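1. curious how this folds, go ahead:
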Amino acid sequence: MSIAFTAGKYISWGVVSTSVTNLLVIALMVLVFILALVLPFPHAHEAPPAPHGEEDPS
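-> Next comes the predicted model:
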């Protein structure tokens, strides 16, 4: 059984060099982070009742 290991594809921008696989992982992490900022957290549709003694004066 033989497994052929080949060198990955690399992208270079000046002094920065990264593999395509790492670049895809970074892009997915950024996408998940942006989605976490944009998508709302699940919450109840009604406001919780006010505790006793703190009634709304209006």
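
2. what's the spacing between L28 and L35?
-> Separation of L28 from L35 (CB to CB, to the nearest Å): 11 Å. Where you see a C-beta, it was placed from the backbone N, CA and C, and this is true even at glycine.

3. from V32, how far off is V38?
-> Plainly put, V38 is 11 Å away from V32 if you go by CB to CB.

4. so the two - more neighbours on which side?
-> V32 (10 against 7; other CB atoms under 10 Å).

5. tell me which element the more buried one is part of?
-> Using DSSP states H and E, V32 maps to helix 20-38.

6. for that helix, output the C-alpha coordinates as PDB.
-> What follows is helix 20-38, C-alpha atoms only, in PDB (Å, rounded to 0.1, in the frame of the first residue of the first chain):
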ATOM      1  CA  VAL A  20      -4.600  27.100  -0.500                       C
ATOM      2  CA  THR A  21      -6.000  24.700   2.100                       C
ATOM      3  CA  ASN A  22      -5.100  27.100   5.000                       C
ATOM      4  CA  LEU A  23      -6.500  30.000   3.000                       C
ATOM      5  CA  LEU A  24      -9.800  28.200   2.700                       C
ATOM      6  CA  VAL A  25      -9.900  27.400   6.400                       C
ATOM      7  CA  ILE A  26      -9.200  31.000   7.200                       C
ATOM      8  CA  ALA A  27     -11.900  32.200   4.800                       C
ATOM      9  CA  LEU A  28     -14.400  29.700   6.500                       C
ATOM     10  CA  MET A  29     -13.500  31.000   9.900                       C
ATOM     11  CA  VAL A  30     -14.000  34.600   8.900                       C
ATOM     12  CA  LEU A  31     -17.400  33.700   7.300                       C
ATOM     13  CA  VAL A  32     -18.600  32.000  10.500                       C
ATOM     14  CA  PHE A  33     -17.400  35.000  12.600                       C
ATOM     15  CA  ILE A  34     -19.300  37.400  10.400                       C
ATOM     16  CA  LEU A  35     -22.400  35.200  10.500                       C
ATOM     17  CA  ALA A  36     -22.200  35.100  14.300                       C
ATOM     18  CA  LEU A  37     -22.200  38.900  14.300                       C
ATOM     19  CA  VAL A  38     -25.000  39.300  11.900                       C
END
